[in-house]
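Peer 1: From the sequence below, what's the structure:
(chains A and B)
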Amino acid sequence: MSFLSYLIKGISLGSVYAIIALGYTMVYGIAKMLNFAHGDVIMVGAYSVFIMSTSLGLSPIFGVLTSIVVCTALGLTIERVAYKPLRGAASPLAVLITAIGVSYLLQNIALLVFGANTISFTSVINISPITFGSNGELTISGETIVTIIAGIIVMVGLTLFVNKTKMGHAMRAVSEDKGAASLMGINVNATIALTFAIGSALAAIAGVLLCSAYPTLNPYTGAMPGIKAFVAAVFGGIGSIPGAMIGGVLLGIIEVFGKAYISSQMADAIVFAVLIIVLLVKPTGILGKNIQEKV
Amino acid sequence: MKKLVSLLMALTMVAVMVAGCGSSAGTASGEATYKIGATGPISGDAALYGIAVKNGMEIAINEINEAGGVNGAKFELNFQDDECDAEKAVNGYNTLKDWGMQVFIGTVTSGACIAVAANTYEDNMFQITPSGSDPKCIENPNAFQVCFADPSQGKKSAEYIGNKDLAKKVAVIYDSSSSYSSGIYASFAAEAANQGFDIVAAEAFTSDSKSDFSVQLQKASDEGAELVFLPIYYSEASLILTQANQMGYDPIFFGVDGMDGILGVTNFDTSLAEDVMLLTPFAADSTDEATVHFVNAYKEKYGEVPMQFAADGYDAVYAVKEALEKGGCEPTMSASELCDKLVAAITQVKITGVTGELSWDASGESNRDPKAVIIKNGAYVLFE
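Peer 2: Numbering: from 1, shown residues only, chains lettered A, B, ... in the order given. I've put the predicted structure just below:
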């Protein structure tokens, strides 16, 4: 029973990583840049929900919707102000460093506005847990169920969007070759902006799920999950949507099993050791080889 | 244009120099005071501690000044924010030295305290930390401690759990990346071997993985632990209590001084902290005269019940006052002269503080008995 319980905890944690990783992988696939500020957009999303639904007492659904709007606007602004002017700059390093800069900027603004005190987050998910076994040996919390379902919906939705819609085609075209895509009449800048908008909306959802399942919030909340999700994206093969999902879930399971069966002190070391081994064996990540899978 | 710029710069320099001279002249001609410097986190994760220590110190200093100070010389306090960060604490300490500090009371948290201790030793500045509990804080002969040292916190907790027979199976969740937390855990585990209970699970986390404790709690629960010992700070403890509640696990939670403050976490459901126990030298509902007086003064000034850190700050100031009197110090002495006299004097003072009957030996550690409190209806109650 405890094995199953750990497995579910791992999948739940992994689903949050997966949704964050989807944001990384979309942006990387299309704009060919690593948006290190992604984790901090998550933090902004979580604070928006907290202000709307806990401080102002509005309904959680409204809070989540506001948070999606706030994060999308934030993502578009960051892209327009910080990344777009550097696109086509001599070195791709410039935009990478800018992304790290934006990350610290967001953290420090949050420190100024909200203070560094940790807040106990009120879960916006109000579903009673499901219990199996005679004395509740296996309990699956409402947050876990919603997180896993949300992860699946987001992945399927994104895959359909990218493969079946016109804008999705445009995205894949830009991903393959920016120059050729613009010659074919695709508005490259608008397509990249759309990618950031979707990525940031996903960050908002991830923020809500992360803070509901692990109810604590401070200006650094997004930083570590952001890095782990980046690892998950690389693990699964960066640029690949199913890869990000698989990478995220696997990472979550490895982390929880590492904590549970090997050593709670070594959990992070185990996660990164596995990453190194996977990359040594398969440098492009689990699903990284298949170009067709790229966004 | 260039000339204009250099002229401006020269003028600024002159202005700064004049201003500098002005301020130092001002204090020299003023009434003789003891300049007490302190640093602690006024913002950041451990802000509740720093604010409490600062408030406690202010109350003590106001009382002493109203009563005429030490042989007529009053205390002047300068408290710098260090955000619980070692580097910022050292910066704060240097700012205080520039200000003319003679005695240093600080810092509030262990990590920052160890960093500053190296500087105070080098400068021969008397240091007494209200709440820096790591033994490394007081390694140097010029440093003293008001609170319990970590090893004694762990040892006393284990003794307490054993003596009161609170549980047979105990789990520990500690922060392996913090010297405070792992230090207490080590001494707790060592003493547990002599007591009538078993540590069935010892689970760690690090500062990078402190957002999910469900696995650690699950292991404690699977091992059948009746008591979970939490030698950690209150931010993480609040999350542990929330997650334990989510999974329906309800053991006795037993904390140390870092648990103090849990009732002040923003948006935390304090009913989850019901029946949480913590070992502390200070209980606000004690009926002894010193505590009643302090708690009333604190409530009047800051509108809340003081926690242990406030009491530590209060006692630290009184310890300095007693030692200054005993050592026959003068406010005109330099920090280094004062340090020599205070180090010799403090081992001879004995104060009835709000954290117990305090005395010090040359190691810097304070001697007194702990009390355990339990949270009932959102307030600390002495546990008998």
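
Peer 1: Quick one: residues contacting the residue in the stretch 1-150 of chain B that chain A sits nearest to.
Peer 2: Chain A sits closest to B:G44 of the stretch 1-150 of chain B, with a gap of 4.2 Å, by CB to the nearest CB. The way it works is simple: take the backbone N, C-alpha and C, and place the C-beta from them, glycine included. B:G44 makes contacts with A:A116, A:N117, B:E83, B:C84, B:D85, as judged by CB atoms under 8 Å, 6 or more residues apart in numbering or on different chains.

Peer 1: how about the spatially most central residue of chain B, secondary structure?
Peer 2: The residue lying closest to the centre of chain B (CA atoms, centre = their mean) is B:S131, at 2.2 Å. Using DSSP: H, G, I helix; E, B strand; the rest coil, the structure places B:S131 in coil.

Peer 1: Would you check that it makes contact with B:M307?
Peer 2: No: using CB atoms under 8 Å, B:S131 makes no contact with B:M307, being 10.4 Å away.

Peer 1: quick one, what contacts the residue nearest to the centre of chain B?
Peer 2: If you count contacts by CB under 8 Å, 6+ apart, B:S131 has them with B:Y49, B:V53, B:V108, B:T109, B:V146, B:C147, B:D257, B:Q308, B:F309, B:D312, B:G313.

Peer 1: ok, back up a step: model confidence score at the residue of the stretch 1-150 of chain B closest to chain A, please.
Peer 2: pLDDT for B:G44: 74.

Peer 1: Same question for A:L280.
Peer 2: For A:L280, the pLDDT comes out at 89.

Peer 1: what does the one 10 residues further on give?
Peer 2: Among the per-residue scores, A:N290 shows a pLDDT of 50.

Peer 1: Ok, B:N119 next?
Peer 2: pLDDT, B:N119: 93.

Peer 1: Can you tell me how far A:A180 is from A:I192?
Peer 2: 15 Å (CB to CB, to the nearest Å).

Peer 1: And the two? Which one has more around it.
Peer 2: Regarding A:A180 and A:I192, a neighbour count based on other CB atoms under 10 Å in any protein chain shown identifies A:I192 as having more, with 22 against 11.

Peer 1: so that one touches A:A31, yeah?
Peer 2: Yes: taking contacts as CB under 8 Å, A:I192 lies within contact range of A:A31: 5.1 Å.

Peer 1: Give the residues shared as contacts by these two.
Peer 2: Common neighbours of A:I192 and A:A31 (CB under 8 Å, 6+ apart) are A:R87.

Peer 1: Help me confirm that B:A225 comes into contact with B:I173.
Peer 2: No: with contact defined as CB under 8 Å, B:A225 does not count as touching B:I173 (10.0 Å).

Peer 1: Would you mind naming what in the stretch 1-150 of chain A lies close to chain B?
Peer 2: A:2, A:5-6, A:9, A:13, A:50, A:54, A:115-122, A:129, A:136, A:139, A:141, A:143 (CB under 8 Å from any CB of the partner chain).

Peer 1: residue ranges with poor pLDDT in chain B?
Peer 2: Along chain B, the parts satisfying pLDDT under 70 run over B:1-30, B:384.

Peer 1: Residues of it that sit close to chain A?
Peer 2: Contacts of chain B with chain A, taken as CB under 8 Å from any CB, map to B:43-45, B:47-48, B:83, B:176, B:203-206, B:208-209, B:211-212, B:214-216, B:218-219, B:222, B:235, B:238-239, B:242-243, B:246-248, B:265-269.

Peer 1: Narrow those residues to just the buried residues.
Peer 2: For the residues of chain B next to chain A, a burial check counting by 16 or more other CB atoms under 10 Å in any protein chain shown picks out B:43-45, B:47-48, B:83, B:176, B:203-206, B:209, B:211-212, B:214-216, B:218-219, B:222, B:235, B:238-239, B:242-243, B:246-247, B:265-266, B:268.

Peer 1: What about the residues you listed, which are in strands?
Peer 2: Among those, the members falling in strands (DSSP state E) are B:E203, B:A204, B:F205.

Peer 1: and the longest helix belonging to chain A, which residues are buried?
Peer 2: Scanning chain A for the longest helix, with DSSP state H as the assignment, gives helix A:2-31. By 16+ other CB under 10 Å, the buried positions in helix A:2-31 come out as A:5-6, A:8-31.

Peer 1: got it, and stretch B:192-202?
Peer 2: For stretch B:192-202, burial by neighbour count (16+ other CB under 10 Å) applies to B:A192, B:Q195, B:F197, B:I199, B:V200, B:A201, B:A202.

Peer 1: Farthest pair within those?
Peer 2: Farthest-apart pair in those is B:Q195 and B:A201; separation 16.6 Å (CB to CB).

Peer 1: The residue nearest to B:V292 when sequence neighbours are not counted: what secondary structure?
Peer 2: Distances taken as CB to CB, 6 or more residues apart in numbering or on different chains place B:S286 nearest to B:V292, at 7.7 Å, with adjacent residues excluded. Assigned state for B:S286: coil (three-state reduction, three-state DSSP).

Peer 1: give the contact list for the residue nearest to A:N108 when sequence neighbours are not counted.
Peer 2: Among residues not flanking A:N108 along the chain, A:P219 sits closest, at 7.8 Å (CB to CB, 6+ apart). A:P219 sits next to A:M43, A:Q107, A:N108, A:A110, A:L111, A:F114, A:A116 when contact means CB under 8 Å, 6+ apart.

Peer 1: is it possible to export those to CSV including neighbour count?
Peer 2: Compiled in CSV, the contacts of A:P219 are given as follows (neighbours: other CB atoms under 10 Å in any protein chain shown):
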residue, neighbour count
A:M43, 27
A:Q107, 22
A:N108, 12
A:A110, 21
A:L111, 16
A:F114, 17
A:A116, 19
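
Peer 1: what's near enough to touch A:V278?
Peer 2: Residues near A:V278 by CB under 8 Å, 6+ apart: A:F235, A:G285, A:I286.

Peer 1: which among those gets closest to chain B?
Peer 2: Nearest to chain B among the contacts of A:V278, counting by CB to the nearest CB, is A:F235 at 17.5 Å.

Peer 1: ok, the closest one - how many residues close by?
Peer 2: 30.

Peer 1: With A:I149 instead?
Peer 2: 11.

Peer 1: tell me which residues of the host helix or strand of it are tucked away?
Peer 2: Under the criterion of DSSP states H and E, A:I149 resides in helix A:142-164. Buried residues in helix A:142-164, counted by 16+ other CB under 10 Å: A:142-148, A:150-151, A:154-155, A:158-159, A:162.

Peer 1: Which residue ranges of the stretch 51-200 of chain A form helices?
Peer 2: A:60-78, A:92-114, A:142-164, A:166-176, A:178-183, A:188-213 (DSSP state H, counting those that start in this stretch).

Peer 1: Single out the most deeply packed of these.
Peer 2: Stretch with highest mean neighbour count among the helices of the stretch 51-200 of chain A: helix A:188-213 (a mean of 25; mean count of other CB atoms under 10 Å in any protein chain shown).

Peer 1: Tabulate the helices of the stretch 51-200 of chain A (a markdown table), appending distance to A:M266.
Peer 2: What follows is those, written out as a markdown table (distance: least, CB to CB, whole Å):
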| stretch | distance to A:M266 |
| --- | --- |
| helix A:60-78 | 34 |
| helix A:92-114 | 27 |
| helix A:142-164 | 24 |
| helix A:166-176 | 38 |
| helix A:178-183 | 43 |
| helix A:188-213 | 23 |
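
Peer 1: now those as CSV including distance to B:A115 and mean pLDDT?
Peer 2: Below are these laid out as CSV (distance: least, CB to CB, whole Å; pLDDT from 0 to 100):
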stretch, distance to B:A115, mean pLDDT
helix A:60-78, 36, 94
helix A:92-114, 21, 90
helix A:142-164, 40, 90
helix A:166-176, 49, 90
helix A:178-183, 50, 89
helix A:188-213, 33, 92
